[in-house]
Every structure is written in structure tokens, then in C-alpha cells.
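In: below: sequence and its predicted model.
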Amino acid sequence: MLGGFANWLCDGGSPFDGDNDIPTHAVTAGSCLELNYQRWRRGMVSFPEERLGLPIGLEFGPFAEDSAVDLMLHVLDEFIHHAAEIALLRDLYHRLS
């Protein structure tokens, strides 16, 4: 998720590309997450201020008229949501093992 949106924020690439190497172990997942989070954060920080309120475009289908800020907030919300799920599963695994 973060890798694709980082592509779009940083260089106008497709938000649906990226994260092709999905990690299968916790050790590699952490480094993959860190890499893509840092790219996504750099993309947000460097995104041109004058484009923040503009529509994100047809590539986003029914969300084409949403702004870049809307997209950034959505990605952040998804990131928080999935991180909470991972933390819950980690805690459950630890408790049950």
C-alpha cells in the first residue's frame, strides 16, 4: 500500500505499482515497512503545496475528484488501521504461544 502511494507522491508513478516483493517473515516485513513508510513520508513532505487541494485524477476511478490531501489522510488512516491489526495479532500470538 505505502509503496504504491509513495510512487504517486514522489514521481507521479502509478499508485497501484510497488510493494511487489511482499515479505513472508516478520524480520523482512519490518524493513520493507520502514522503507516504504519513509518513501511515503518523503513524498508527502515534498508534494507541491499548490497541488494539495487539486483532484487526484481519473486513475483513482470513483475518487478522481478527491484531493491529494484526502488521499494522504486515507492512506494514513489505512496505515494506522492495519498497524493496529498487526499489533493485535502479534499480541494474540505471543499470548497463545
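Out: Yep, that arrived.

In: from here on, contacts and neighbour counts on C-alpha atoms
Out: Noted.

In: which element is H94 on?
Out: Assigned by DSSP states H and E, H94 falls within helix 68-96.

In: give me the distance from that helix to the chain's centre.
Out: Taking C-alpha atoms, centre = their mean, to the nearest Å, one finds helix 68-96 lying 11 Å from the centre of the chain it belongs to.

In: equivalent analysis for stretch 44-60, please.
Out: Taking mean C-alpha positions (C-alpha atoms, centre = their mean), stretch 44-60 and its chain are 15 Å apart.

In: counting neighbours, which bits of it end up buried?
Out: M44, F47, L52, P55, I56 (16 or more other C-alpha atoms under 10 Å).

In: looking at the residues you listed, which is nearest I86?
Out: M44 (23.9 Å; C-alpha to C-alpha).

In: just checking, that closest one touches L9?
Out: Yes - look at M44 against L9 with C-alpha atoms under 8 Å: they come within range, at 6.5 Å.

In: overlap of the contact sets of these two?
Out: Residues touching both M44 and L9 (C-alpha atoms under 8 Å, 6 or more residues apart in numbering): none.

In: now the helix or strand where T28 lies: average pLDDT?
Out: Using DSSP H and E, T28 falls within helix 26-46. Across helix 26-46, pLDDT averages out at 85.

In: how about the contacts made by R41?
Out: Contacts of R41 (C-alpha under 8 Å, 6+ apart): A6.

In: should've said I56
Out: Taking C-alpha under 8 Å, 6+ apart as the test, what I56 contacts is F63, A64, E65, D66, S67, A68, L71.

In: make sure the fourth one is actually in contact with L58.
Out: No - with contact taken as C-alpha under 8 Å, D66 and L58 are classed as non-touching, separated by 10.2 Å.

In: next, the buried residues of the lowest-mean-pLDDT helix or strand in the chain.
Out: The helix or strand of the chain with the poorest confidence is helix 2-11; it has a mean of 76 (mean pLDDT, DSSP states H and E). For helix 2-11, the neighbour count (16+ other C-alpha under 10 Å) marks L2, G3, G4, F5, A6, N7, W8, L9, C10 as buried.

In: so the first one sits against R42, correct?
Out: No - in terms of C-alpha under 8 Å, L2 does not count as a neighbour of R42; the distance is 11.5 Å.
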